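> Provide a 3D model corresponding to the input given below.
(4 chains)
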There are 2 protein chains.
Amino acid sequence: MGLAKTEMFTDEQNQISVFAKAFGHPARVAILQHLFKIDTCFCGDLVKEIGLAQPTISQHLKELKYLGLIKGTVEGTSVCYCIDMDNWKEMKDIMTIFLGQDALPKDECC
Amino acid sequence: MGLAKTEMFTDEQNQISVFAKAFGHPARVAILQHLFKIDTCFCGDLVKEIGLAQPTISQHLKELKYLGLIKGTVEGTSVCYCIDMDNWKEMKDIMTIFLGQDALPKDECC
DNA sequence: TTAATTAATCGCTTTATTGCGATAAACTTA
DNA sequence: TAAGTTTATCGCAATAAAGCGATTAATTAA
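Residues are numbered from 1 along each chain as shown, chains lettered A, B, ... in the order given. This is a model prediction of the structure:
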């Protein structure tokens, strides 16, 4: 159905999947890496950098902004985007716990 | 188009997005957490645990197996699944680097 | 006020994903 | 061999995601 049955999962599981989905597209990964690299960025720069059309980049930025991973400030006719560090760290903690489940060594079975 | 233009991104960016996509569904997150918790699991257990239909769980397991994050061994009529620790750690390293980009503190701009 | 610049939104098409009923395949046991 | 158990696959329907041309909105500069 293309529709995840979120109600049967824990809040943690849903939260992990929502963040993961944000990273589930190389364009959004590229956008975030670029924002980390240069600290600040205008949408037009990203269009040049990434190579997708302006409406497409704008759509990806909207999704990242909706999740709180980036924030944008209007500066004249352009918009300055950057990482929202507080929310990024919060997301990182959640993902790190999930990825770090192998911390306790157990016997492999197969 | 629903089709990511992978050729315009780096291998690293594509790899991150492929792994992230695997975690982009709460059922797959739940499956992985369960496999970590009990070390080993038969498909039927997961069907009971998660609450989705058997073909649906089987499909999610297939995706995780294709990525190498889990492996399955036939044991009689059932299949024993468990985390592939080597590949999991490899994935974890890639994701950790991506998530750890905030290590170098920089000025926020907006 | 008008033209130019920049980004967001609309509308649409195409492909991907999710879910599951039905069935098939593989194996075990009686 | 026949029946039962367990998992994989097929086939389909419905929703989601990706991409972008065209347009709109907001701001600045002339």
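> The strand or helix carrying A:Glu49 and DNA strand D, are they touching?
Element membership for A:Glu49 (DSSP states H and E) is helix A:43-50. No. If you take Cβ under 7 Å from any atom of the strand as the test, helix A:43-50 misses DNA strand D, and the best it gets is 9.1 Å. Using the backbone N, CA and C atoms, a C-beta is placed for each residue, glycine as well.
> What are the boundaries of the helices in chain A?
A:11-22, A:26-38, A:43-50, A:54-66, A:85-99 (DSSP state H).
> mind putting those in a markdown table, distance to B:Arg28, mean pLDDT and mean neighbour count included?
What follows is the helices of chain A, written out as a markdown table (distance: least, Cβ to Cβ, whole Å; pLDDT from 0 to 100; neighbours: other Cβ atoms under 10 Å in any protein chain shown):
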| stretch | distance to B:Arg28 | mean pLDDT | mean neighbour count |
| --- | --- | --- | --- |
| helix A:11-22 | 8 | 97 | 20 |
| helix A:26-38 | 19 | 95 | 20 |
| helix A:43-50 | 27 | 88 | 16 |
| helix A:54-66 | 20 | 97 | 15 |
| helix A:85-99 | 11 | 97 | 16 |
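> could you dump these to JSON lines with distance to B:Leu46?
Converted to JSON lines, the helices of chain A look like this (distance: least, Cβ to Cβ, whole Å):
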{"stretch": "helix A:11-22", "distance to B:Leu46": "14"}
{"stretch": "helix A:26-38", "distance to B:Leu46": "29"}
{"stretch": "helix A:43-50", "distance to B:Leu46": "38"}
{"stretch": "helix A:54-66", "distance to B:Leu46": "30"}
{"stretch": "helix A:85-99", "distance to B:Leu46": "18"}
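> quick one, which of the ones you listed is nearest to B:Gly68?
Closest to B:Gly68 of the helices of chain A, according to Cβ to Cβ: helix A:85-99, at 15.2 Å.
> what's in contact with the closest one?
A:12, A:15-16, A:19-20, A:67-69, B:23, B:29, B:33, B:91-92, B:95-96, B:99-100, B:102, B:108 (Cβ atoms under 8 Å, 6 or more residues apart in numbering or on different chains).
> Quick one: mean pLDDT over stretch A:67-80.
Mean pLDDT, stretch A:67-80: 93.
> Can you measure across it, start residue to end residue?
17 Å (Cα to Cα, to the nearest Å).
> who in chain A is up against DNA strand D?
So far as Cβ under 7 Å from any atom of the strand goes, chain A lies against DNA strand D at A:1-3, A:21, A:24-25, A:27, A:52-56, A:59-60, A:63, A:74, A:76-77.
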